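Asker: got a predicted model here, sequence first, then my questions.
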Amino acid sequence: MMTPVQPRLILIHKQATSGRLRFLCLSSGVLACEPLPPLSAMRDETYSPRLQFHPMGAIRQAEIQLGLAAGAIEPVSDFQAWVDTPEGDVPVLLAAFVGIDPPFAAAERSHARFIAITESRQLSELERNLLRRAYEHLLG
């Protein structure tokens, strides 16, 4: 087994009053830090390697990439998906923007936008499946 590489993040904003859920979609897709390489495939939901990742390094990297202050993004507990890539297994973690409203200005500066899961048709099948898992985790 290869050593896992840098975790990726799905970044979400859940409106506290309405429950509206939006995903940050960057120009490269819905995974922050860096996109997955070609030939990546979703691991089965039961796949659970012994390695666990603390999300704060990836979260801080995403905050810097988006020009946000430290603490603007927080981890969402109990979510982890794994993707099999040519470089090794990659964990996909979930994190949420903490503000009342999504950081639209930061998204625009980064050539990104917030989308609902129904607007994910242009994404790859892998990314749509990752969003589905995140959506099910968040809304039960």
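Answerer: Looks like it came in fine.
Asker: for the residue nearest to residue 111 when sequence neighbours are not counted, give me its contacts.
Answerer: Distances taken as CB to CB, 6 or more residues apart in numbering place residue 27 nearest to residue 111, at 4.7 Å, with adjacent residues excluded. Using the backbone N, CA and C atoms, a C-beta is placed for each residue, glycine as well. Contact analysis of residue 27 by CB atoms under 8 Å, 6 or more residues apart in numbering lists 110, 111, 112.
Asker: ranges for the strands of the chain?
Answerer: 8-14, 21-25, 31-32, 41-42, 73-75, 81-85, 88-97, 113-115 (DSSP state E).
Asker: off-centre distance for the fourth one?
Answerer: For strand 41-42, the distance from its own C-alpha centre to the chain's C-alpha centre is 15 Å (CA atoms, centre = their mean, to the nearest Å).
Asker: and the contacts of it?
Answerer: 81, 82, 83, 84, 126, 129, 130.
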